[in-house]
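In: Need the 3D shape of this:
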Amino acid sequence: MENAEDIHRQIRNLLAGQSLAVLATHNRQQPYASLVAFVATDDLKHIDFVTPKTTRKYANLTADKRVAVLINSSTNQESDFHQALSVTAVGEAEEISGSDRDQIMAPYLAKHPYLEEFAKSPTCALLRVTARSYYLVKNFQNVLELHLVK
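Out: Prediction:
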């Protein structure tokens, strides 16, 4: 049985090693999923990403801030069924502006320096997901949970 510290470490390592996540949002009619370049804080409390304000995901987040974020290590090989890790974070997203924006943007740009022009565009929003829980899937069907205390 793995303890919370082991689960936390595995999730942190997975998030640090991946660049893209699938963001799930929804409006009153349907769910919507999209790829985002992300960065997570070491304490796993936050996942940050940038998106243009004209996107469907931004409109959905404006209407309902609840989200799920999926990150995985799969390589599209048969071995993924036994070796890949997948984690889903659930929480709420909010747009970051004002004086906090530059501080939160710095780790994002450190991970994704090639996105600097995009991320700093006035047409883009910096969004921060505050994660409530993580669900780590190992060996295709072994699910481990990590619930963060607020």
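In: now do the same end-to-end measure for stretch 53-72.
Out: With Cα to Cα, to the nearest Å as the measure, stretch 53-72 spans 26 Å from end to end.
In: how about it: buried residues?
Out: 55, 57-58, 60-61, 65, 67-72 (16 or more other Cβ atoms under 10 Å). No exception for glycine: its C-beta is placed from N, CA and C like everyone else's.
In: Could you report the distance from His46 to Leu35?
Out: Separation of His46 from Leu35 (Cβ to Cβ, to the nearest Å) stands at 19 Å.
In: What is the neighbour count of Tyr108?
Out: 20 (other Cβ atoms under 10 Å).
In: thinking it is in contact with Ile47, fair?
Out: No - judged on Cβ atoms under 8 Å, Tyr108 makes no contact with Ile47 at a distance of 10.3 Å.
In: pull the helix or strand with minimum mean pLDDT from this protein.
Out: Sorting the helices and strands of the chain by mean pLDDT, DSSP states H and E puts helix 80-83 at the bottom, at a mean of 80.
In: ok now stretch 35-43, how far from the chain's centre?
Out: Here the centre of stretch 35-43 is set off from its chain's centre by 5 Å, with Cα atoms, centre = their mean, to the nearest Å.
In: need the strands for this structure, in chain order.
Out: If DSSP state E is used as the criterion, the strands of the chain fall at 20-26, 31-40, 46-52, 66-72, 86-96, 124-138, 142-147.
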